[in-house]
Structure formats: C-alpha cells, structure tokens
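> A predicted structure for the sequence below; I have some questions about it.
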Amino acid sequence: MQKVAIRQPSGQLRRRPERLAADKAYDVKRIRLWLRRHGIQTVIPPKRRRGKVKPGRPVAYDKAAYRNRNVVERCVGWLKEARSLATRFDKLACNFLSMVHLAFIRRYLRILAPYS
C-alpha cells in the first residue's frame, strides 16, 4: 500500500496532514488524543449535550476551516454522480484515477455549458 505524502515548501515530504476536519460524530476523547499525539490539529465541533456538562475545558476548533469541509463534501457528491466511482467498479488505481479525471471533466463541462 502506498502512503500519501505532501511536499512542503521546504521540499521535505510530510506524511501526515496538518489538520483533520470531521463532523460531530467524531467528537470522542480517544480520537482527539490520537490526533494530538500524532501532531494533527483537530477541526471537530463539539457535540451538543443535553443536561450534563462535559467535564474538562471546552473544546475549541477553527470554525472557518470547518466551513471549508463543505467544499470537499460537495466535491465527493459530484464525483459519486459517476456511477463507476461510487461503486468502485475499477479495481486498478490507474483506471480509477482516469475515471476521476473524466468525472471532473464532465462536471467542468456541465458548469461551462449548463443549458446544452
């Protein structure tokens, strides 16, 4: 399995993301601790608790970064319009990547010429 590496401006490769955005379902102490140990900043809003107050200090998160998560969610939704991507029909990574490219091209053409 190949791991994803991100090239930093200094030229070094970083194997972990700097931040992880997730929804309220992932507001669990175990997940937050694991991410903190690995040097990943969490962008997870706290769950709303009825009645009981959560012990400890309140959780802070970057609201602007969390709003950007919506862009990724919509992009994944657009990609799933291509049925072969949604079902993972292609088994080889090169074929799957080609389908991702075709799905983006299709989406872009639909934006350029919406009425044809």
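That came through fine.
> what is the neighbour count of Leu102?
Other residues near Leu102 come to 13 when the count uses other Cβ atoms under 10 Å. C-beta here means a position set from N, CA and C on the backbone, and glycine is covered the same way.
> that one and Asp90, how far apart?
To Asp90, Leu102 is 11 Å away according to Cβ to Cβ, to the nearest Å.
> need the strands for the protein, in chain order.
Under the criterion DSSP state E, strands of the chain are mapped to 6-7, 13-14, 19-21, 41-43.
> and of those strands, who's closest to Glu73?
Proximity to Glu73, assessed across these by Cβ to Cβ, is greatest for strand 19-21 (9.8 Å).
> worst-scoring helix or strand of the protein, pLDDT-wise?
strand 6-7 (a mean of 70; mean pLDDT, DSSP states H and E).
> make TSV out of the strands of the chain and add mean neighbour count and distance to Leu112.
Output for the strands of the chain, formatted as TSV (neighbours: other Cβ atoms under 10 Å; distance: least, Cβ to Cβ, whole Å):
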stretch	mean neighbour count	distance to Leu112
strand 6-7	10	30
strand 13-14	12	35
strand 19-21	17	29
strand 41-43	18	32
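> any idea which of these gets closest to Val76?
Nearest to Val76, of the strands of the chain and by Cβ to Cβ, is strand 19-21 at 12.9 Å.
> quick one: strands adjacent to the closest one?
Sheet partners assigned to strand 19-21 using DSSP bridges are listed as strand 41-43 (parallel).
> quick one: residues contacting Phe104.
Leu79 (Cβ atoms under 8 Å, 6 or more residues apart in numbering).
> understood, closing this out.
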